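# generate a structure from the sequence data that follows.
(2 chains)
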Amino acid sequence: MNLIRIRKVTSGIILILFILLFLGSEKLSVSLSTFLLPFQGIPALVHTVTQPEALCIIGLIFIVVTTLFFGRVYCSFLCPLGALQDLLIAGSQRFRRQPGHSFSRPLNGLRYSLLALTVATALIGSLSLVSLLDPTSLAGRIFTHFLQPLFVWTYNLGILVLKPLNIYLYPKQTAFVSLSVLAVTVVFFLLMMYLAATRGRLYCNTFCPVGTFLGLLSHISVFHFTLNQKSCSECVRCENMCKAGCIDPQTASIDMSRCVGCFNCLNACSKATIIYQRRRSQTHAHTWSPARRGFILGSVAAAAGFIAFNTNIRTFLVTHAAQANPPVTPPGSLNTKHFTQACTACSLCVSVCPTQVLTPTFMDFGVSGLLQPKMNYEKSFCEYKCNICGKVCPTGAILALSLDEKKLTQIGKAELLKDVCVVFVDHRNCGACGEVCPTHAIRFVDKENILYPEIDKQYCIGCGACQLACPTAPRSIIVHAKPIHKKAEKYFSPETAVEQKTPPDQAFPF
Amino acid sequence: MIDTQKFNRREVISKGLSLGLIAGGAAILGKPDFLLAKEKPARIPDLVAVKNGEPDAMFKKAIELMGGMNQFVKKGQTVVVKPNIGFPRVPEVGATTNPLLIKTLIESCYTAGAKRVYVFDNVVTATPGNARNCYKLSGIEEASKAARGIVVPIDDFSYREVKIPGGKKLKTADVHSLILDCDVFINAPVLKHHSSAHLSIAMKNLMGIVKNRMEYHLTGLDQCIADFCMYRKPDLNVVDAYRVLMSHGPSGPSNPRSANVQMKKTLLLSKDIVAIDAAAARIFGKEPEEIDYIRIAHAQKTGNMNLKELKIVTYAM
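Predicted coordinates:
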């Protein structure tokens, strides 16, 4: 059937584009992110809430409208995690003797309460659950934490092989992913793999907030799958083909809230018992269950309540978070509050960051900011002439800055610990910090031919180059976060920078 | 005067004859230095300084005055050229060695018969991304490749530990295997201001072939810089003082328009790394004794910083 082929090709392209987005070159990632990510449910939604942009709103409307027309086709056509699961499902079926899925009862209690909880926590300012469950972000973490290292190691191995042939290439670097973060990704990946191999698209129909939400919309979608009981011979071929497990030939019902719109069932039925057509009006009343009504009313009430208390709760949470020593957030994230309330931990910035200074954290931002990345100055530094993280961020957590703006954005401030610094302790030249400072924030004072570092804080943008360069252990220069980013002063050289046109004199000073 | 045990009569006669012929011819042509060069073929200058030219022309003149590249590079040898590519800066900032000089230098090595010429520097803040930035922005990658030089980026596994004989602070160093395995090592630094070592010239440039550069900073920059020269001195040092960064070194500002550079348009050539640093310091406007590592290296007998005691050939274009 044509629809199935279109679906396979589309989702295949989406998966490949996503892999290129995460593993490709900087330019490729930037251009892919601009048109790929606005059409991803959660990123587009969060971006619209934090920083409305035309393309994101269009993307959201597109997703909602297509769902209202065709059901959850988003899950089979556009979702990268869906494509990944379809690959796993196809793979696992090769190894099974009796290929086939079977109908399963919906886990409505779990899925609706998970959605409600996710929405509720997001409203009070914690995106932890969204980060954990959002399919785009989860796929992103799988690409960054598993696929990227594999790719980088293979590439670097290739470089080693080419070296004896006198062909030299620049090695690549993997992101620094801590064990705890990796463990979370592994757990979710294994869960998804297990569910895909044994129960088809159960992840999408139980855990995924996008799937559950679009499922609600699918109830009233214009096109529905319907099973004509009269012509059905109950051969269960369609049931066996249904990854979502939503076809019940016994009662001749198809649960549209769980149907992921893969169109496989159309192909399975030899008698064309299953048809994809405009919904008849009476089915509407049919599917209206009191449980769902209760849920919808409840969630609306809860949302209203949370919005009413919103600012208070958020302020409370933020002041609480600010009390602890907050990690440095990337340039363009404005302040800790903006960043933590908009980042869904998709790890795209982590993957594209050329210096790999962006590192996903487990709980550095507290329980309310699980897996969100920070600037890890013990491992790397923020390249002065780079603003790529803001260009790719799908949720608006890191806003795009022009290079000129970025160069003056104070995300942190350096502090010199004179009781540890070798120059002050041993009175010997070192100067490792000053060598690498891109903004002339570190100045050297000459006392008896020894050069002592001093920090001019007004120029410091907190890029962390000095901290990384400092040879002492523990470091004697440390960058602290600025919870609210500021603008640095521009440095002007006191010396007149003119190219002297010295007459070509003939003398040498020796 | 002639040692009869070493020279037989025929040689003496032919040598005398040819010397006489050359002397005569040279006298007629008015080129007494030509005669001088023939008379003492082994005595190359301790230091050559050329000024007022473009980097390529100055190098060609300087190497000619030094007796030709064949003095240093023989047929079939592998050469490593070590420029200063420490920072992601364009050539106009003066923080990195002039790319045109590097290109001319590589071409000269190949003309002398070199089998392969590698170009390498271990950039400051040695992450792969930064190394790439430095190599590209400095123009050295492009210039080297144009001259068939093999540009070698940094990695973590190409270093081998060596002992520094007589090192006071620096006892061992992890040196890049290219330098350990090559036949000829040419040090091609840029002269520039340095915030914590006053000046960065030839000796300081050698920090770019070791991995444990942070140990230098930690245990005493000047002493370690001088100590490393006890391990291996470059076979030739070429100091680029064409565009000299006078302040805010070693990195200089990222915007070349605010760089405090002076067009000194000078090039130095020497086998003696201490002498060339001393001469470069003078060009910058400092006395060699003011620079700690030059003083220490002189005291450790790595070379001679007393320029008066050296045979210096200068040439203004």
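# can you list phi and psi of A:Thr198 for me?
Note on A:Thr198: its backbone torsions stand at phi -110, psi -30 [degrees, to the nearest 10].
# okay, now it: neighbour count?
12 (other Cβ atoms under 10 Å in any protein chain shown). Yep, even glycine has a C-beta here, placed from its N, CA and C like the rest.
# for it, what are its contacts?
Going by Cβ atoms under 8 Å, 6 or more residues apart in numbering or on different chains, A:Thr198 touches A:Ser92.
# please tell me how far it sits from A:Ile89.
Using Cβ to Cβ, to the nearest Å, A:Thr198 is found at 10 Å from A:Ile89.
# and the pLDDT at A:Trp153?
A:Trp153 is assigned 94 on the pLDDT scale.
# go on, A:Phe223?
90.
# may I have the beta-bridge partners of it?
A:Arg278 (DSSP bridges).
# how about A:Gln410?
Beta-bridge partners of A:Gln410, as defined by DSSP bridges: A:Lys486.
# quick one: contacts for it?
A:Cys460, A:Ile461, A:Gly462, A:Lys482, A:His485, A:Lys486, A:Lys487, A:Ala488.
# format those residues as JSON lines; extra columns: pLDDT.
Output for the contacts of A:Gln410, formatted as JSON lines (pLDDT from 0 to 100):
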{"residue": "A:Cys460", "pLDDT": "96"}
{"residue": "A:Ile461", "pLDDT": "96"}
{"residue": "A:Gly462", "pLDDT": "95"}
{"residue": "A:Lys482", "pLDDT": "92"}
{"residue": "A:His485", "pLDDT": "94"}
{"residue": "A:Lys486", "pLDDT": "93"}
{"residue": "A:Lys487", "pLDDT": "94"}
{"residue": "A:Ala488", "pLDDT": "93"}
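# give the other helices and strands that the strand or helix carrying A:Gly91 contacts.
Counting by DSSP states H and E, the element that carries A:Gly91 is helix A:80-94. For helix A:80-94, the packing partners by 3 or more Cβ pairs under 8 Å, 6 or more residues apart in numbering or on different chains; DSSP states H and E come out as helix A:2-23, helix A:73-77, helix A:135-142, helix A:179-199, helix A:202-206.
# and the second one, what does it pack against?
I take that to be helix A:73-77. Helix A:73-77 packs on helix A:2-23, helix A:54-70, helix A:80-94, helix A:209-218, going by 3+ Cβ pairs under 8 Å, 6+ apart.
# go ahead and name everything in contact with that helix.
A:7, A:10-11, A:14, A:41, A:63, A:66-67, A:82, A:86, A:201, A:204, A:208, A:210-211, A:214, A:260-263.
# likewise for stretch A:54-68?
By Cβ under 8 Å, 6+ apart, stretch A:54-68 touches A:34-35, A:38-41, A:43-45, A:47-48, A:73-74, A:78, A:214, A:217-218, A:220-222.
# for the residue in the stretch 251-400 of chain A that chain B sits nearest to, what are its contacts?
Per Cβ to the nearest Cβ, A:Pro354 is where the stretch 251-400 of chain A lies closest to chain B, at 4.0 Å. Listed by Cβ under 8 Å, 6+ apart, the contact partners of A:Pro354 are A:Glu26, A:Glu383, A:Cys386, A:Ile388, B:Gly129.
# which of these fall within helices?
Residues of the contacts of A:Pro354 located in helices (DSSP state H): A:Glu26, A:Ile388, B:Gly129.
# which of those residues count as buried?
Neighbour-count burial (16 or more other Cβ atoms under 10 Å in any protein chain shown) is assigned, among those, to A:Ile388, B:Gly129.
# what is the nearest of the ones in helices among the contacts of A:Pro354 to A:Thr273?
A:Glu26 (51.6 Å; Cβ to Cβ).
# by mean pLDDT, flag the weakest helix or strand of the chain.
By default, I'm working from chain A. Ranked by mean pLDDT, DSSP states H and E, the helix or strand of chain A with the weakest confidence is helix A:282-287, at a mean of 48.
# wait, chain B
Min over SSEs of chain B, mean pLDDT, DSSP H and E: helix B:32-39 (a mean of 47).
# near chain A, which residues of the stretch 1-150 of chain B show up?
Residues of the stretch 1-150 of chain B lying near chain A by Cβ under 8 Å from any Cβ of the partner chain: B:49, B:51-52, B:88, B:116, B:124-125, B:127-133, B:150.
# show me where chain B has its helices.
Under DSSP H, chain B gives helices at B:9-29, B:32-39, B:55-65, B:99-111, B:128-137, B:140-146, B:177-181, B:202-205, B:213-219, B:221-228, B:273-284, B:292-299.
# weakest of those helices by average pLDDT?
Across those, helix B:32-39 gives the lowest mean pLDDT, at a mean of 47.
# how close does the residue of the stretch 351-500 of chain A found nearest chain B get to B:Phe59?
Closest contact between the stretch 351-500 of chain A and chain B, by Cβ to the nearest Cβ, is at A:Gly431 (2.0 Å). A:Gly431 is 31 Å from B:Phe59, where distance means Cβ to Cβ.
# those two: which has the busier surroundings?
B:Phe59 (28 against 22).
# ok, now how distant is that one from A:Leu190?
In terms of Cβ to Cβ, B:Phe59 sits 62 Å off from A:Leu190.
# tell me which parts of the stretch 251-400 of chain A are close to chain B?
Residues of the stretch 251-400 of chain A lying near chain B (Cβ under 8 Å from any Cβ): A:Pro354, A:Thr355, A:Gln356, A:Ser380, A:Phe381, A:Glu383, A:Tyr384, A:Lys385.
# burial count for A:Leu32?
For A:Leu32, using other Cβ under 10 Å, the count is 17.
# which one of the helices and strands packed on helix A:80-94 lies closest to A:Ser113?
Using Cβ to Cβ, the nearest of these to A:Ser113 is helix A:202-206, at 10.8 Å.
# report all helices and strands that that closest one contacts.
By 3+ Cβ pairs under 8 Å, 6+ apart, helix A:202-206 packs against helix A:80-94, helix A:108-123, helix A:179-199, helix A:209-218.
# by how many degrees do the third one and helix A:135-142 diverge?
When you say that, I think you mean helix A:179-199. Angle, helix A:179-199 to helix A:135-142, by axes from the mean of the first three to the mean of the last three Cα atoms, to 10 degrees: 120 degrees.
# and chain B, what are its domains?
B:1-42, B:44-316 (automatic domain parsing).
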